[in-house]
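S.K.: Quick one: sequence plus predicted model below, questions after.
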Amino acid sequence: MEKFFKLRENGTNVKTEVMAGITTFMTMAYILAINPSILSVTGMDAGAVFTATALSSVVATLVMSLVANLPFALAPGMGLNAFFAFTVVLGMGYTWQTALTAVFLEGILFLILTIFNVREAIVNSIPMNLKKAISVGIGFFIAFIGLQNTGIIVNNEATLVSIGSISNPSVLLAFVGIVIMSLLLAYKVRGALLIGILLTTILGIPMGITKLSPDASFFPPSLAPIAFQFDFSQVFSPNIIIVLFTFLFVDMFDTVGTLVGVSTKSKMLNPDGSIPNCKRALFADSIGTIVGACLGTSTVTTYVESAAGCAEGGRTGLTTLVVAILFAMSLFFSPIFLAIPSAATAPALMLVGLFMISPIKEIDFDDYTESIPSFICLLFMPLAYSIADGIVFGILSYVLIKVFSKKGKEVSTLTWVLALLFIVKLTLPLIQGLIIN
């Protein structure tokens, strides 16, 4: 393991990597419950989607581990699965088979862009201050996800969001979890987040929040109802081309944002600001998306929850090897893994948000052509509920402010190209409306 994963070179050891892998898995295991729930509204078999979710996560994460040697885990992405189900299928009226076909084609395009270094060049073109802002924005975003998942923050028609009811048992358990994990961190206990998740899960049993089903089957559901169910008959229609581009865009910049943000926080960036083995990391989510579409699930992407494992010291592919093994085990112990409530994982996400925001100290706030785009980037991520949108408006504001402040020479050619692509992306709804009308 030392020779293959270069543990000593990366300042880590087997125990730390294993603990980091377990922590990452525990904070993202919710996807095993949520993804089948979302995709099943399209008519897909929920049990089969569960199996597809676990297997695609295993394949993609193994590639990240063994090929890229990085601690970033992958699984079907939140947001992308909602776009698949509620926009493409329920909203636009396409079958889930057609939507899976679009995901499959997106994965192939991703792979081509990765082979020709287009995606790696995009990652490296992001200015350093924006890279730091991405880390901070992801921190606020992941903390907001934790607050929302457990009901501490709820929807409100008047103010969009507001505080939830303290009488809600899930909210109460989440606050208990925050206290437990905070104390463990204060005492510098290794594996504080993982231990906190487990203890909070146990406390949820007498509260009726953690529920174990003694009659549940431990045999993986069959993939037969959804595997390789492609429909290419609609792939050349204008709407599907827009859908394909949307999948491509959101996945690309969610992945780019996660890789940049977590790498920056974990101090894993190369001296020139690039991500080590970036091309191989991008290759992993390309393969994951292609395999996931074949098995029957929406786009596979790099998970921001990987920050939880990195916060525990994960620095190499051994962390993600552990994550892949646990995803494989989840196929046979799904009732146990699905019993972990969001009230137990949400406190971990909130505290990971704290870990992620420290690069804010390194942003150059004295240069407004750097600090304003950085602020816009980190602000939009939680408020627009999108890492990709944060990057879009961060890059666009960066280019515009640099140009109008007569510092346009500081903008690289590829950053200009990105800005133009983002303008196209923002005008897509208008184009789609014109096509429909």
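M.R.: Good, I have the coordinates.
S.K.: and the longest helix anywhere in the chain, which residues are buried?
M.R.: Counting residues, the longest helix in the chain under DSSP state H turns out to be helix 238-265. For helix 238-265, the neighbour count (16 or more other C-beta atoms under 10 Å) marks 240, 242-265 as buried. In this view, the C-beta of every residue, glycine as well, is placed from N, C-alpha and C.
S.K.: Phi first, then psi, for the residue positioned nearest the centre of the chain.
M.R.: For the chain, Y303 is the residue whose C-alpha lies nearest the centre (C-alpha atoms, centre = their mean; 3.1 Å). Dihedral pair for Y303: phi -90, psi 130, per degrees, to the nearest 10.
S.K.: With D285 as the reference, measure out to it.
M.R.: 10 Å (C-beta to C-beta, to the nearest Å).
S.K.: Likewise for L223?
M.R.: Distance from L223 to D285, by C-beta to C-beta: 21 Å.
S.K.: One more: M1?
M.R.: 24 Å.
S.K.: what do Y303 and D285 both touch?
M.R.: Both Y303 and D285 are in contact with L74, where contact means C-beta atoms under 8 Å, 6 or more residues apart in numbering.
S.K.: what sits against M381?
M.R.: M381 neighbours (C-beta under 8 Å, 6+ apart): 134, 137-138, 140-141, 257, 387, 389-390.
S.K.: Which helix or which strand is home to S135?
M.R.: Per DSSP states H and E, S135 falls inside helix 128-149.
S.K.: next SSE after that helix?
M.R.: That would be, after helix 128-149 and using DSSP H and E, strand 153-156.
S.K.: ranges for the strands of the chain?
M.R.: 74-76, 153-156, 160-163, 300-302 (DSSP state E).
S.K.: Can you lay out these as a markdown table showing mean pLDDT and mean neighbour count?
M.R.: Listed next are the strands of the chain as a markdown table, based on pLDDT from 0 to 100; neighbours: other C-beta atoms under 10 Å:
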| stretch | mean pLDDT | mean neighbour count |
| --- | --- | --- |
| strand 74-76 | 95 | 31 |
| strand 153-156 | 91 | 13 |
| strand 160-163 | 92 | 11 |
| strand 300-302 | 93 | 28 |
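S.K.: Columns distance to S170 on top of those strands, output as CSV?
M.R.: Converted to CSV, the strands of the chain look like this (distance: least, C-beta to C-beta, whole Å):
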stretch, distance to S170
strand 74-76, 23
strand 153-156, 11
strand 160-163, 14
strand 300-302, 27
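S.K.: ok, now which ones touch the closest residue to N277 other than its chain neighbours?
M.R.: In space, and not counting its chain neighbours, N277 is closest to A68: 4.5 Å by C-beta to C-beta, 6 or more residues apart in numbering. By C-beta under 8 Å, 6+ apart, the contact set of A68 is 277, 280-281, 283-284, 317.
S.K.: Can you give me the distance of A68 to L111?
M.R.: 14 Å.
S.K.: OK, contacts around the closest residue to C377 other than its chain neighbours?
M.R.: Spatial nearest neighbour of C377, excluding adjacent residues (C-beta to C-beta, 6+ apart): G394 at 2.8 Å. Going by C-beta under 8 Å, 6+ apart, G394 touches 130, 133-134, 373-374, 376-378, 380.
S.K.: What does the pLDDT read for G394?
M.R.: Model confidence at G394, given as pLDDT, is 93.
S.K.: same deal with G408?
M.R.: The model's pLDDT for G408 equals 91.
S.K.: List the residues that contact the closest residue in space to it that isn't next to it in sequence.
M.R.: Nearest residue to G408 in three dimensions, chain neighbours excluded: K402, at 5.6 Å (C-beta to C-beta, 6+ apart). Residues in contact with K402 (C-beta under 8 Å, 6+ apart) are 369, 408, 410-411.
S.K.: For my notes, please list those in a markdown table and give distance to E9 and neighbour count for each entry.
M.R.: Below are the contacts of K402 laid out as a markdown table (distance: C-beta to C-beta, whole Å; neighbours: other C-beta atoms under 10 Å):
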| residue | distance to E9 | neighbour count |
| --- | --- | --- |
| T369 | 37 | 20 |
| G408 | 41 | 12 |
| E410 | 34 | 14 |
| V411 | 36 | 21 |
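S.K.: shaky segments in this structure?
M.R.: 215-216, 338, 429, 431-437 (pLDDT under 70).
S.K.: between the contacts of G394, which is nearest Y94?
M.R.: Among these, F380 lies closest to Y94 (C-beta to C-beta), at 29.1 Å.
S.K.: What is the burial count for the closest one?
M.R.: 22 (other C-beta atoms under 10 Å).
S.K.: Quick check, it in contact with I395.
M.R.: No: here F380 lies out of contact with I395, judged by C-beta atoms under 8 Å, at a distance of 11.1 Å.
S.K.: Mind listing what's buried along stretch 167-174?
M.R.: Buried residues in stretch 167-174 (16+ other C-beta under 10 Å): 168, 170-174.
S.K.: oh sorry, the question was meant for stretch 328-344
M.R.: Buried-residue list, stretch 328-344, by 16+ other C-beta under 10 Å: 328, 330-331, 334, 337-344.
S.K.: gap between the two ends of it?
M.R.: Terminal residues of stretch 328-344 lie 22 Å apart, using C-alpha to C-alpha, to the nearest Å.
S.K.: Please name the residues that touch F332.
M.R.: 218-220.
S.K.: that older thread, ok, now how distant is the residue nearest to N277 from S342?
M.R.: 29 Å.
S.K.: now L203
M.R.: Distance from L203 to S342, by C-beta to C-beta: 14 Å.
S.K.: And I205, its phi and psi?
M.R.: For I205, the backbone dihedrals are phi -70, psi -50 (criterion: degrees, to the nearest 10).
S.K.: Quick check: closest non-adjacent residue to it.
M.R.: Nearest to I205 is L212, by C-beta to C-beta, 6+ apart, at 7.8 Å.
S.K.: Phi, psi for that neighbour please.
M.R.: According to degrees, to the nearest 10, L212 has phi -100, psi 130.
S.K.: which residues touch it?
M.R.: 205, 335-336, 339.
S.K.: quick check, nearest of those residues to L321?
M.R.: For the contacts of L212, the residue nearest L321 by C-beta to C-beta is I336; the value is 21.1 Å.
S.K.: For the closest one, which residues are in contact?
M.R.: Counting by C-beta under 8 Å, 6+ apart, I336 has contacts L212.
S.K.: mind running it again at 6 Å?
M.R.: Not one residue lies near I336 by C-beta atoms under 6 Å, 6 or more residues apart in numbering.
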